[in-house]
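Visitor: here are the coordinates; sequence isn't available:
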């Protein structure tokens, strides 16, 4: 999945979505929150709070981890990011606004992540909705194992 790089919020709908959401919640749209969102949008990769914090610090930004931890739930709630997986005591997230829904294959050895779209999952959603009477609004699928390189290195079939 290709993610477009951008250095600022000018004309970007995700920044306006976040501003509107923050204001509806009665909160302030702070420069810190904008810096956090900008870094997430520009990186376009899976991240955890520690990685995001270090990237921002390395760029000279003076933000606390607490600011990031307080901003993450707001970004999830307004639909800009989602939780992807939990590993090594940290939740990992990804920017999802404007991106096609996808699932993940994750290597347990090297931590490589391959994103994929599987159209047959829609049929499974439909079948489950009928069977259990649900209105399905989405799914999150993570498949984990060993990538081809790690399988070779570990001599796994």
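Guide: That came through, no problem. Note that the structure is predicted; figures quoted are calculated from it, not measured.
Visitor: What ranges does this structure have for its helices?
Guide: 13-24, 31-43, 49-58, 65-77, 120-132, 148-153 (DSSP state H).
Visitor: Now render those as a markdown table, adding distance to residue 92.
Guide: C-beta coordinates here come from the backbone N, C-alpha and C atoms, glycine included. As requested, these are exported to a markdown table (distance: least, C-beta to C-beta, whole Å):
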| stretch | distance to residue 92 |
| --- | --- |
| helix 13-24 | 19 |
| helix 31-43 | 12 |
| helix 49-58 | 9 |
| helix 65-77 | 11 |
| helix 120-132 | 21 |
| helix 148-153 | 19 |
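Visitor: show me the contacts for the residue minimising distance to the centre of the chain.
Guide: In the chain, the centroid-proximal residue (C-alpha atoms, centre = their mean) is residue 94; its distance is 1.3 Å. By C-beta atoms under 8 Å, 6 or more residues apart in numbering, residue 94 lies in contact with 45, 46, 47, 81, 82, 84.
Visitor: Run the angle between the worst-scoring helix or strand of the chain on mean pLDDT and helix 31-43 for me.
Guide: Least confident helix or strand, the chain: strand 81-87 with a mean of 89, by mean pLDDT, DSSP states H and E. Interaxial angle, strand 81-87 versus helix 31-43 (axes from the mean of the first three to the mean of the last three C-alpha atoms, to 10 degrees): 70 degrees.
Visitor: That'll do, ta.
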